[in-house]
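**Student:** Sequence and predicted model, in that order:
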Amino acid sequence: METPIKVDLDFNRNEDTNKLEVAKMRRMLKTVFLGGGQIRIDKLHKKGKMTARERIDFLIDKESDFLEIGAFAGNDMYAEYGGCPAGGVVGGIGYVNARQCVIVANDATVKAGAWFPITGKKNLRFQEIAMENRLPIIYLVDSAGVFLPLQDEIFPDKEHFGRIFRNNAKMSSMGIPQIAAIMGSCVAGGAYLPIMSDEALIVEGTGSIFLAGPYLVKAAIGETVDKETLGGATTQSEISGVTDYKVKDDKSCLNTIRDLIDKFGKREKTGFSRTEPVPPAKEMKEIYGILPAERSKPYNSKELLKCLVDNSEFTEYKAGYGKTIICAYARIDGWSVGIVANNRQVVKNAKGEVQFGGVIYSDSADKAARFIMICNQKKIPLVFLHDVTGFMVGKRSENGGIIKDGAKMVSAVSNSTVPKFTVVMGNSYGAGNYAMCGKAYDPRLIVAWPTAKIAVMGGSQAAKVLLQIQTASRKAKGEEISSEEEKAILDKITAKYDAQTTPYYAASRLWVDAIIDPLETRKVISMGIEAANNAPVEKFNPGIIQT
């Protein structure tokens, strides 16, 4: 008689739910990848031009990885203007002649590549990645300039359009190569970007660059001139000398860029430890079954770690102390890393007291701060894995100095100089987001799984707090509130709050760089450390941390 196969219903339910979330993400990306739509793509092709994504695909090495940043930027934003898929610009980290580069391509199918506020924020993020990691940056320019209806939100401030050109100058002084290709319109302030780069190419017939186009020239000084004569490839390459290379079409332009990068010299590496990569002994796809469909449920976080690290092996630091955070040394795709992960299991401390999974207690904050300092001493990149509901609250925690211990951890994260990489797997609430190296703490890359939730607190807790405030306010005015009305208010608040905690809401505003399939986590971290290995690490200064 055959032994019956054991069925883990919880595992299967989790697996189905998480796979559906990944499928939803992929469906949304298919829409994003169409940019302004097929009709506009067809119009580009008729002009002999490639789309932004086609240009990047042609430029990067065949069968190499491309880590797209900000694909969901602008998602569900600017509806009154027809939307702004991917923020109107496509980019990320790719390999050109085996060298990692940051690549930025305006999407001319989205409002002719005009700059929305989110476009500016996304471009600044690309430049930040290039500057932090000393990576060459390639601009594929095809833009009508600032989106005029929103000029007040993109033009004058410190983190607006003008910061792009400031960064051009800064990168040049840092010795970071910048190559710009004028493959379409390049007008007004936007004209400074390619010309403040180190080398500029221009495509005949489709590329043009000028401070003022024909219409503005006519309005300003009464001169009548066509676009090609004013700032086309021949004018800017042979008369003004503004551009360095005149090329006949998009493909010739991209091949020339590849040729230029092929001649770059080698730079000294920082020296992060890497051995031959080994896949996890535990199947990575088991992540789908381990991560609970119900986000409040505990789970074995160490089993999840085994799905991510080489040979499923890690050396845990202070395993019996501060158990609600796991600190461990491991390798990911061969790279040595220090992992700081929230433990979602319910545990007991040495005093026999129950500690809730996903909550940061004084002992776990103290442990994590010490571990972060040690990784800085050893020049080991840090990987933060979020599933945190925040710091422990209440009388006992306050008496125990939770604020002081939390401050230690936040200070250690803030002053850490080794590269930090953040993966928001599940919850990322309140000060827990800060302590675990949220966006405000300069991770080199921050990505989210489709299961991520980012907010000051969970939806149900926030809704109840807001309901109490509204109810108290109305009672103070002498107004009564029925149970039915109270429920309606609670439901409305909960729905709004839940919508604002999704990874898509975060990604649309670039609070995270990307939403990824959990199975891509190793690749993202590996490419991130490879990029970081080009930039020197400053000496660690712990600041106010009291040990």
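**Tutor:** It's in. Note that the structure is a prediction, hence the values are computed from the model and not measured.

**Student:** Following element in sequence after the longest helix along the chain, please.
**Tutor:** Using DSSP state H to define each element, the chain has its longest helix at helix 9-32. Downstream of helix 9-32, the next assigned helix or strand under DSSP states H and E is helix 38-46.

**Student:** which other helices and strands contact that next one?
**Tutor:** Packing partners of helix 38-46 (3 or more C-beta pairs under 8 Å, 6 or more residues apart in numbering; DSSP states H and E): none among the helices and strands. Quick note: C-beta positions are derived from backbone N, CA and C, even for glycine.

**Student:** Alpha carbons of the longest helix of the chain, as PDB, please.
**Tutor:** C-alpha atoms of helix 9-32 as PDB (Å, rounded to 0.1, in the frame of the first residue of the first chain):
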ATOM      1  CA  LEU A   9      -2.800  23.300   2.700                       C
ATOM      2  CA  ASP A  10      -1.400  26.500   4.200                       C
ATOM      3  CA  PHE A  11       1.700  26.300   2.000                       C
ATOM      4  CA  ASN A  12      -0.400  25.700  -1.100                       C
ATOM      5  CA  ARG A  13      -2.700  28.600  -0.300                       C
ATOM      6  CA  ASN A  14       0.200  30.900   0.200                       C
ATOM      7  CA  GLU A  15       1.800  29.700  -3.000                       C
ATOM      8  CA  ASP A  16      -1.400  30.400  -5.000                       C
ATOM      9  CA  THR A  17      -1.900  33.800  -3.500                       C
ATOM     10  CA  ASN A  18       1.700  35.000  -4.100                       C
ATOM     11  CA  LYS A  19       1.800  33.600  -7.600                       C
ATOM     12  CA  LEU A  20      -1.400  35.500  -8.400                       C
ATOM     13  CA  GLU A  21       0.300  38.700  -7.000                       C
ATOM     14  CA  VAL A  22       3.300  38.200  -9.300                       C
ATOM     15  CA  ALA A  23       1.000  37.500 -12.300                       C
ATOM     16  CA  LYS A  24      -0.900  40.800 -11.600                       C
ATOM     17  CA  MET A  25       2.400  42.700 -11.500                       C
ATOM     18  CA  ARG A  26       3.500  41.200 -14.800                       C
ATOM     19  CA  ARG A  27       0.100  42.100 -16.400                       C
ATOM     20  CA  MET A  28       0.500  45.700 -15.200                       C
ATOM     21  CA  LEU A  29       4.100  45.900 -16.600                       C
ATOM     22  CA  LYS A  30       2.900  44.800 -20.100                       C
ATOM     23  CA  THR A  31       0.700  47.900 -20.100                       C
ATOM     24  CA  VAL A  32       3.500  50.100 -18.900                       C
END
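
**Student:** which helices and strands does that helix pack with?
**Tutor:** So helix 9-32, by 3+ C-beta pairs under 8 Å, 6+ apart, packs with helix 287-290.

**Student:** Off-centre distance for the helix it packs on?
**Tutor:** Helix 287-290 sits 23 Å away from the centroid of its parent chain (C-alpha atoms, centre = their mean, to the nearest Å).

**Student:** can you list contacts of it?
**Tutor:** Outside helix 287-290, the residues within contact range by C-beta atoms under 8 Å, 6 or more residues apart in numbering are 8, 11-12, 14-15, 18-19, 22, 299-300, 303-304, 307-308, 518-519.

**Student:** what's the answer for stretch 215-229, then?
**Tutor:** Applying C-beta under 8 Å, 6+ apart, the external contacts of stretch 215-229 come out as 208, 212-214, 230, 234-235.

**Student:** how about a cut-off of 7 Å?
**Tutor:** The contact list for stretch 215-229 (C-beta atoms under 7 Å, 6 or more residues apart in numbering) reads 208, 212-214, 230, 235.

**Student:** Return the helix or strand in the protein with minimum mean pLDDT.
**Tutor:** Within the chain, no helix or strand scores below helix 459-476, which has a mean of 74 by mean pLDDT, DSSP states H and E.

**Student:** Buried residues in the helix or strand that that helix is followed by, which are they?
**Tutor:** Using DSSP H and E, the next helix or strand after helix 459-476 towards the C-terminus is helix 483-500. Using 16 or more other C-beta atoms under 10 Å as the test for burial, helix 483-500 gives 489-490, 493-494, 497-498.
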